[in-house]
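J.: Got a predicted structure here, sequence first:
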Protein chains: 2
Amino acid sequence: MADQPQPTPTQPAHVPLNRQRLIAPGPVEVEPRVLAQLAQPQMHHRAPEGVAKLMQARAQLSELLDAPGYESVIVTGSGTAAFEGALVSLVPGGAKVVSAQAGKFSERWGEMAGRFGYDTHLVSRPWGEVLDPQEVADAARDAHTLLVTHSETSTGALHDLQAITAAAKARNPDLIVIADCITSYGVAELRPDAWGVDVIVSGSQKGTATPPGLGLLLFSPEVQERLIPNTPRGFYLDMQRELKGQKAGNTPQTPAINLIYALSASLERLLSVPREVLWAEKRRQNDALLAAGTAIGARPWASRTSPAVAVLCPPEGLGGRAVAAQLAAMGQRALPGQAPHEDTVFRVSNMGYADRYDALAIAGVMEDAFEALGVTFTRGAGVAAAWEALKG
Amino acid sequence: MADQPQPTPTQPAHVPLNRQRLIAPGPVEVEPRVLAQLAQPQMHHRAPEGVAKLMQARAQLSELLDAPGYESVIVTGSGTAAFEGALVSLVPGGAKVVSAQAGKFSERWGEMAGRFGYDTHLVSRPWGEVLDPQEVADAARDAHTLLVTHSETSTGALHDLQAITAAAKARNPDLIVIADCITSYGVAELRPDAWGVDVIVSGSQKGTATPPGLGLLLFSPEVQERLIPNTPRGFYLDMQRELKGQKAGNTPQTPAINLIYALSASLERLLSVPREVLWAEKRRQNDALLAAGTAIGARPWASRTSPAVAVLCPPEGLGGRAVAAQLAAMGQRALPGQAPHEDTVFRVSNMGYADRYDALAIAGVMEDAFEALGVTFTRGAGVAAAWEALKG
């Protein structure tokens, strides 16, 4: 898409008094109580309390998804590191891997599989669209592993992971499904056990509202048996060794132990309500952002929207970068689209330590940004639409 | 007033996921950058950088009010400590003091003057009403000092400090006017130089959005000469000695130096815009709270409202304590009224590190609280009224 003209952001006089908000789809706002965990007297990961904290965080990670048979691994690294760990620790050299992709992040997994020399096949849909379960199942009928993204952060689409997994496993019961749930874990409905998803991958800086630095994995009981000992495609990211160690409370390498303390504290908050309440509330909050944007002239890019991020096409004649720049000038850190769609959309999110009233506030922020950019709309329409969506 | 029946606060399932907000009229939310000042390696108040920080904060305090001739004093203590310092350091034993009062805090100053044995005269108006400048001027025609409150935090009234000072000084040019500006400093229009106010008193945990612990004073050039050396009514709060020391960057006693670093950082943000912009923006934010409350069945207690706090009488049949309890159950820390008017009103404030979008969020909070308490109103009316008030 050709770049849109970039209006100069305007700066009303009161703007320096605005509260700075992180409204990007990760990293996200973090609860002060969670941040305070980071600043404790330096803890040691081999001390009994460090070991206990790792075990606690691992148990919380499974509990959040009601998946007690799933064993979790916490990797010190990004979500990409965690995904790589799952891939190289489960897929033997040269095996057939299918990557189902429709956006920046799902494309990354296909690229990663190619890098390791797997027999990589792509099932691609245009950005913003959702994957077709049957098409994916057909492509994966004789594959070893399927790589699929649940919430595509670049487009705001929520792929139907349940239907895709069901269709693919109906055709190929031995298929391993590795799911990128980086922005769906702790945000969208996700039932790995009931849906038959083998590996769940996430990152600390998204739904779990912790600073970046931890990759999170959950392995199904069956897939744990298929982890390859001494994979030649990784050492640091050897999940067979890592899982064996972590089951006993030990990490083979030094972990970001402060972040693990923070993660556990944040998970405690998420676990304070039934998971269905959490999912419904985050859905409602994101629906409020989408409704607000729609009411003032933008439109959601994805047909099936993720509750993790509102990815909105700005009104005609306005680019995503201009909107993101205007928001930044107002002290509100959102994001434009990702290459090559930087200007197609802008992205705002209420994923982290933010509640329904913050979603209402973001609706106001979007109205003021659009007004500053000269968009014509009925003042109050975005705020009213957001509030209506927050009912219940 | 008889206590209202207290409905049991209800707790929708998502409530534990709410972000905790401090929406009381002090202490207030503090910017994380300001809080981080507190956690620096322990600074020393006698080191050159500690001395420089005190001098910087003192200069910023005068600059915020465009009062370069006014010398400031920072007391380690509350706003009450600062007020006591001004009183005992300026008023000789047995002198006539007039206390103009119409609420909890202004009543405190009369009580304080009585405690020190001054010839204390009260000009009282019922809570919620505003003081009459001529009535105050009459009472103070032969007084040594007038004690007056600008923003009465217990009722939400903004007294006309300019008119009161003008009227009183027209009758009694030698009168000293000590103004309780605890919740108006950095929030409401306040021009001590142009208005002829001799002493401004505030506290760190209000408009300056710093944690509690510092009392703030500004002394006019004329009144500085009238500070009593070695007042027999105080030692710690001897402002003559304190001002002499602080003018040279020294405090006679150990100050809460971490808080002074934080105060200076917070004042930097307030000074980043013209003071008229700051005052107008805080006024707009509080008007939004008042408009939201009015739209859903509450009403402002005061006829002339302070921009520091929205003090609202709940709808018929509902007490202020029930509203405050409901807000607390939702994770939103507001306040009921103050004795003996605990149940007459509830009080919410956007005074601290909070912006117009937070005011919009509080409108949503109030709607949900009223809904939970069974109040009948049109959903969305409060939010819409707040947003309308935030125009411009």
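T.: Good, I have the coordinates. This is a predicted model, so every value here is computed, not measured.
J.: what ranges do the helices span in the stretch 51-200 of chain A?
T.: Using DSSP state H, counting those that start in this stretch, the helices found in the stretch 51-200 of chain A span residues A:79-90, A:104-115, A:133-139, A:161-171, A:192-195.
J.: same check, this time on the stretch 251-392 of chain A
T.: Remark: helices assigned in the stretch 251-392 of chain A by DSSP H, counting those that start in this stretch are A:257-270, A:275-295, A:320-329, A:356-372, A:381-389.
J.: Deepest-packed of those helices, please.
T.: helix A:356-372 (a mean of 27; mean count of other C-beta atoms under 10 Å in any protein chain shown). Yep, even glycine has a C-beta here, placed from its N, CA and C like the rest.
J.: and the helices of the stretch 51-200 of chain A, which is most packed in?
T.: Among those, highest average neighbours (mean count of other C-beta under 10 Å) belong to helix A:79-90, with a mean of 25.
J.: For that one, give the mean pLDDT please.
T.: Averaged across helix A:79-90, pLDDT comes to 98.
J.: what do you get for stretch A:251-268?
T.: pLDDT averaged over stretch A:251-268 gives 97.
J.: Spell out which residues of the stretch 251-392 of chain A are next to chain B.
T.: Within the stretch 251-392 of chain A, the positions near chain B by C-beta under 8 Å from any C-beta of the partner chain are A:269-270, A:272-274, A:277-278, A:280-281, A:353-358, A:360-365, A:367, A:379-380, A:383-384, A:387-388, A:390-391.
J.: is it possible to export the helices of the stretch 51-200 of chain A to a markdown table including distance to chain B?
T.: Shown next, in a markdown table, are the helices of the stretch 51-200 of chain A (distance: least, C-beta to the nearest C-beta, whole Å):
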| stretch | distance to chain B |
| --- | --- |
| helix A:79-90 | 23 |
| helix A:104-115 | 26 |
| helix A:133-139 | 31 |
| helix A:161-171 | 23 |
| helix A:192-195 | 22 |
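J.: Please convert the ones you listed to TSV, extending it with distance to B:A302.
T.: TSV is the format used below for the helices of the stretch 51-200 of chain A (distance: least, C-beta to C-beta, whole Å):
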stretch	distance to B:A302
helix A:79-90	53
helix A:104-115	54
helix A:133-139	62
helix A:161-171	56
helix A:192-195	57
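J.: What separation do you get for A:D132 and A:A100?
T.: Distance, A:D132 to A:A100, using C-beta to C-beta, to the nearest Å: 9 Å.
J.: wait, isn't A:D287 in contact with A:W387?
T.: No. Applying C-beta atoms under 8 Å, one finds A:D287 not in contact with A:W387, separated by 11.6 Å.
J.: what's the closest of the helices of the stretch 251-392 of chain A to A:A67?
T.: When those are compared by C-beta to C-beta, helix A:275-295 sits nearest A:A67, at 10.6 Å.
J.: residues in contact with the nearest residue to A:A386 once chain neighbours are set aside?
T.: Nearest-residue entry for A:A386: A:A363, 3.6 Å, with adjacent residues in sequence omitted and distances by C-beta to C-beta, 6 or more residues apart in numbering or on different chains. A:A363 is in contact with A:A288, A:L289, A:A292, A:G382, A:V383, A:A385, A:A386, A:W387, B:L360, counting by C-beta atoms under 8 Å, 6 or more residues apart in numbering or on different chains.
J.: residue of the stretch 51-200 of chain A with the smallest distance to chain B?
T.: A:G186 (11.0 Å; C-beta to the nearest C-beta).
J.: Now that residue: closest residue in space, sequence neighbours ignored.
T.: A:G207 (3.0 Å).
J.: Contacts only, for the one you found.
T.: So A:G207 contacts A:T183, A:S184, A:Y185, A:G186, A:V187, A:L270, A:K282, A:A308, A:M351 (C-beta under 8 Å, 6+ apart).
J.: from what I can see the first one touches A:P25, true?
T.: What that stands for is A:T183. Yes. Counting by C-beta under 8 Å, A:T183 touches A:P25, with 6.1 Å between them.
J.: okay, and the common contacts of these two?
T.: Joint contacts of A:T183 and A:P25 (C-beta under 8 Å, 6+ apart) are A:T153, A:K206, A:A308, A:V309, A:M351.
J.: Name the member of those residues with the most neighbours.
T.: Tallying neighbours with other C-beta atoms under 10 Å in any protein chain shown puts A:V309 at the head of the shared contacts of A:T183 and A:P25, with 33 neighbours.
J.: residues in contact with that residue?
T.: Contacts of A:V309 by C-beta under 8 Å, 6+ apart are A:P25, A:S151, A:T153, A:G156, A:T183, A:N286, A:R347, A:V348, A:S349, A:M351.
J.: Same check on A:G85?
T.: So A:G85 contacts A:V73, A:V75, A:G215, A:L217, A:G234, A:L237, A:D238, A:M239, A:E242 (C-beta under 8 Å, 6+ apart).
J.: if I pick the spatially closest residue to A:Q60 that is not a sequence neighbour, what's in contact with it?
T.: The shortest distance from A:Q60 to any non-neighbouring residue, by C-beta to C-beta, 6+ apart, is to A:L267 (4.0 Å). Residues near A:L267 by C-beta under 8 Å, 6+ apart: A:A57, A:Q60, A:L61, A:L64, A:T208.
J.: with those residues in mind, which one is nearest to A:I164?
T.: A:L64 (21.6 Å).
J.: The closest one contacts A:R275, doesn't it?
T.: Yes. Using C-beta under 8 Å, A:L64 is in contact with A:R275, at 6.4 Å.
J.: quick one: A:A39 and B:A39 touch, right?
T.: Yes. Counting by C-beta under 8 Å, A:A39 touches B:A39, with 7.5 Å between them.
J.: on that earlier part again, out of the contacts of A:L267, give me the one that has the most neighbours.
T.: A:T208 (29 neighbours).
J.: And that one, how far from chain B?
T.: 13 Å (C-beta to the nearest C-beta, to the nearest Å).
J.: Kindly report the same for A:M239.
T.: A:M239 is 32 Å from chain B, by C-beta to the nearest C-beta.
J.: residue contacts, the residue nearest to that residue when sequence neighbours are not counted?
T.: Of all residues not flanking A:M239 in the chain, A:S89 sits nearest, at 3.6 Å (C-beta to C-beta, 6+ apart). Residues in contact with A:S89 (C-beta under 8 Å, 6+ apart) are A:L227, A:I228, A:T231, A:G234, A:L237, A:D238, A:M239, A:Q240.
J.: what do you get for A:E63?
T.: A:E63 neighbours (C-beta under 8 Å, 6+ apart): A:L271.
J.: Any stretches of chain A with poor pLDDT?
T.: A:1-10 (pLDDT under 70).
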